[in-house]
Structure formats: structure tokens, C-alpha cells
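Asks: Sequence and predicted structure, then a few things I'm wondering about:
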2 protein chains.
Amino acid sequence: MRISELASHTGLSVATIKYYLREGLLHPGRAMGATRADYDETHVDRVRLVRTLITVGGLSIERVRAVIQALEHPPASRHDLLGTAHEVLRPASEVDDEPVARQLVDLLGWPLHGDSPAVLQLAAAITTARAGGWDCPDALLVQWAGLARQIAEVDVSDELATMPAAEALSHAIVGTVLTDPILIALRRVAQQAVSAERLARR
Amino acid sequence: MRISELASHTGLSVATIKYYLREGLLHPGRAMGATRADYDETHVDRVRLVRTLITVGGLSIERVRAVIQALEHPPASRHDLLGTAHEVLRPASEVDDEPVARQLVDLLGWPLHGDSPAVLQLAAAITTARAGGWDCPDALLVQWAGLARQIAEVDVSDELATMPAAEALSHAIVGTVLTDPILIALRRVAQQAVSAERLARR
């Protein structure tokens, strides 16, 4: 298909597609002459992936580029694959708080490395919350960890082990980016329900 | 205290404090002459709140202004107070998807209004996920809702009903903004743990 068809298939403008091409987020089409190129379904999938990462995941262009590079050279081990997903999804602004990360590994008692991107992201979130006046009691963290564990049991499916590596990585990244906002919103909805039951008459 | 002391107490620059004053996010200090003003603990608290909303919550200046206005005129009912918190925290970009919102109310069976900000936020997150290729099966939503409910049972504390209204509203907003990233990161950490157990050798 032509670039104009790729644009209409994905609901984006030709200018945006050209921007993705220039930034190396989208692989070039097959040259059909000096000024024309042919695009296929791999381009449609890639454009949708890039769009989701930017608009839903809030990833910068640099981060999206890191995702694309990881997809083109996925890690050999399926376990490292999730680490790669967590590395690219980790907020760019965070500073490492290794002592808190080590405490977390002890607190949770799970098979974790204190320097894994996920643990460092959690440590940073806790340090930020404490600085903002919310003290993060250990008992509550452990309770939440148990709930997070039930979510993760579904997230880390056997599918992830059997899909081709690049597809599994894309699945892990996109699944996380798309479903984080659902979990966040479900918490608010549940707060509304609990509040309606407990507080409606106060 | 002087503006320079307010800045050093909160770790921000004098220029940032002046910006908050100009934008109406911070109430003026008590005038001590033509060019000097005196600031107190209420200013320290407010500056920290604004900072948290912008840097952790990712709220725009307009949204922060709405939070401040809500804090100055909190709703009379404690239940409406959470609705106000959810309204200001709802992503600005979202479009209402009322049919999906109504389906959700039916699916969850909780005492909810289909036009509440939390339900509309959830409907928008689900519609976005589906457009991105993740189909959100009802069974999984119901399972997640049960877990979200356990979190909300702690969130909607009796404290919320007994605190002064403005304090309770601030507590609800800041608590949510600071702890959403912890829950998101806990999910990744739990994925690492499950992955280490299941996938490490693949």
C-alpha cells in the first residue's frame, strides 16, 4: 500500500507517518521508484505499536526507539525479556535508590534482584511517596504485593514462553501499557463503590 | 518566613514559587511592606501539594488550579468528596464512552453511576486497550475488580469521614497520586518474581 493508505489504515496523518520514518521508529517501505514506496501489514502493526507507546504509555521518542531496538534484537531468555520490557517502561526521571530496593527484596521474600528495573522503579515510587508525606507502611506494601502477585500470575502466561521472542516482548510491553490505566481506573471505581456503601449518608 | 526561606524549605527555586503565586496556585503571603511578604506553614504545605500534583501526578497547571479551588470549597458530602478527587485526577484527554460505562456498571454490580468520573475513566481505558488490540475479557475485569476492591477498602478509611473536609480531600488526592505509581511498580515486581519462578530456565 501507499503511504496515504498506511495513514488512513492507522488513522494518522501522512506527516506523522513520515515523522516516524525519519525518527527510525518505522522501517522503510519497499522502494517502488524515486519517490514512492510500498508498505505492508508489518508497517501497520508497527505504526499502531508506536502510537500506543506514545499516547497511552507516555513514552518519549527515545524510549520508543529503545523498544524498537529491543524488538529487533530480543534477549534469548524469556525471563530477561520481561526485564527488558520493564527497563524500557521505567519512568525516565527516576533516580536509583538502592538501599530501599534491597529492603524491598527482603520484605517481599520473592526471587528478585535489587538492581532489576522493576525493583528500582518500586523503590523510587516509595521514596517519592514518603517525601510527599505518605509513609508506605510495610504491612500495606505486603498486602498490595499479594494482590499484585495475583495480577502477575495472569500476566506471565505460558503464551509468553511459547510465542516468538519479538512477539512475546511486544505483547508484554503493549499489554502492560494498555492495562496499567485500567487497573488505576478500577481502583477509583472501587473507591466509589466502597464510598457509596460507607459514606453516602455522611 | 521570607520567600527565599519558603524556597529552601521546599527545595524549589524562588522563581518557581513566584510562578505558583502568579498562577494562583499559592495564596499570597502577608504583606510586610511594598516588596516583602511573610509566609507560613500553610504555604509550605501548599507548595508541596502543588509540586506533588505536577511532578508525580502529571497534572497540568489548569488541573492543579481546579484542585486548589476544590480544596477551598470542598463538597459538603464525604461521598461527593471522592467524586471531586476523581474528577480532577481524570486524564484530560479522555472522551466519554457512555455505552461502555453502562456495561461496566452492570458487569460489576456495584452501587455506581455510569456518569461518575471514575467509571468514565475506566470505560475510556478499556476502549483504548481494545483499540490497541488487547480485548479486556469480562472475566479478567471482574477478577481485577475484586483485587481493586481490596485496595479501596483500605483507601476509603473512616479517617476520611472524620477529618475536616479540605484535609480529607487533599488526603484522598495526594494519597492516590502518590500510591498509583507504587501499585503499577508492584505489578512489574510481581511479574519479575513469577517470571523467575516459571521462565528463568527457558
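Replies: Nice, I can see it. Please read these numbers as outputs of a predicted model, since none were measured by experiment.
Asks: can you give me phi and psi for A:Arg30?
Replies: Per-residue torsions, A:Arg30: phi -80, psi 120 (degrees, to the nearest 10).
Asks: ok, the longest helix along chain A near chain B or not?
Replies: Longest helix in chain A by number of residues (criterion: DSSP state H): helix A:165-199. Yes: Helix A:165-199 is in contact with chain B by CB under 8 Å from any CB of the partner chain, via A:174-199. Quick note: C-beta positions are derived from backbone N, CA and C, even for glycine.
Asks: lowest average confidence, helix or strand, in chain A?
Replies: Counting by mean pLDDT, DSSP states H and E, the weakest-scoring helix or strand in chain A turns out to be helix A:158-162, with a mean of 80.
Asks: Can you give me the buried ones in that one?
Replies: The neighbour-count criterion (16 or more other CB atoms under 10 Å in any protein chain shown) identifies A:Leu160 as the buried residues of helix A:158-162.
Asks: Do it and chain B come into contact?
Replies: Yes: remark: helix A:158-162 sits within contact range of chain B at A:Leu160, A:Ala161, by CB under 8 Å from any CB.
Asks: where does the residue lying closest to A:Leu107 once chain neighbours are set aside fall, phi/psi-wise?
Replies: Closest residue in space to A:Leu107, ignoring its immediate chain neighbours: A:Asp138 at 5.9 Å, by CB to CB, 6 or more residues apart in numbering or on different chains. Taking degrees, to the nearest 10, you get phi -60, psi -40 for the backbone angles of A:Asp138.
Asks: Do I have it right that A:Asp138 meets A:Leu108?
Replies: No: with contact taken as CB atoms under 8 Å, A:Asp138 and A:Leu108 are classed as non-touching, separated by 10.0 Å.
Asks: who has more neighbours, those two?
Replies: Just comparing A:Asp138 and A:Leu108: by other CB atoms under 10 Å in any protein chain shown the higher neighbour count belongs to A:Leu108, 21 against 11.
Asks: do you know how far A:Ile182 is from A:Ala15?
Replies: Distance from A:Ile182 to A:Ala15, counting by CB to CB, to the nearest Å: 31 Å.
Asks: neighbour count winner among those two?
Replies: A:Ile182 (22 against 8).
Asks: Now do the contacts for the nearest residue to the more buried one once chain neighbours are set aside.
Replies: Nearest residue to A:Ile182, sequence neighbours excluded (CB to CB, 6+ apart): B:Ala125, at 4.5 Å. Applying CB atoms under 8 Å, 6 or more residues apart in numbering or on different chains, one finds that B:Ala125 lies in contact with A:Pro181, A:Ile182, A:Ile184, A:Ala185.
Asks: Max pairwise distance over those: which two?
Replies: A:Ile182 and A:Ile184 (7.3 Å; CB to CB).
Asks: so what's A:Arg202 scoring on pLDDT?
Replies: According to the predicted model, the pLDDT of A:Arg202 comes to 55.
Asks: For chain A, just list every one of the strands.
Replies: A:30-31, A:37-38 (DSSP state E).
Asks: hmm, back to that, which one (most neighbours) among the contacts of B:Ala125?
Replies: Of all the contacts of B:Ala125, the most densely surrounded is A:Ala185 (26 neighbours; neighbours counted as other CB under 10 Å).
Asks: Would you check that it makes contact with B:Gln121?
Replies: Yes: the pair A:Ala185 and B:Gln121 qualifies as a contact (CB under 8 Å) at a distance of 4.4 Å.
Asks: which other helices and strands contact the least confident helix or strand of chain A?
Replies: Contacts of helix A:158-162 with other secondary structure elements, assessed using 3 or more CB pairs under 8 Å, 6 or more residues apart in numbering or on different chains; DSSP states H and E, are made with helix A:78-89, helix A:165-199.
Asks: make it 7 Å
Replies: Using 3 or more CB pairs under 7 Å, 6 or more residues apart in numbering or on different chains; DSSP states H and E as the contact criterion, the secondary-structure elements in contact with helix A:158-162 are helix A:165-199.
Asks: pLDDT (mean, whole number) over the helix it packs on?
Replies: In this model, helix A:165-199 carries a mean pLDDT of 90.
Asks: What of stretch A:31-40?
Replies: Average pLDDT, stretch A:31-40: 90.
Asks: hmm, who's touching that stretch?
Replies: When contacts are taken as CB atoms under 7 Å, 6 or more residues apart in numbering or on different chains, the neighbours of stretch A:31-40 outside the stretch itself are A:Met1, A:Ile3, A:Leu6, A:Pro28, A:Gly29, A:Arg30.
Asks: Farthest pair within those residues?
Replies: By the measure CB to CB, A:Met1 and A:Pro28 form the most distant pair in the contacts of stretch A:31-40, at 14.1 Å.
Asks: hmm, back to that, identify each buried residue in the longest helix of chain A, please.
Replies: Of all the residues in helix A:165-199, those buried under the rule 16+ other CB under 10 Å are A:165, A:168-196, A:198-199.
Asks: does chain B sit close to stretch A:51-67?
Replies: Yes: Stretch A:51-67 is in contact with chain B by CB under 7 Å from any CB of the partner chain, via A:Thr52, A:Val56.
Asks: what's the spacing between that stretch and its chain's center?
Replies: Stretch A:51-67 has its C-alpha centroid displaced from the chain centroid by 9 Å (CA atoms, centre = their mean, to the nearest Å).
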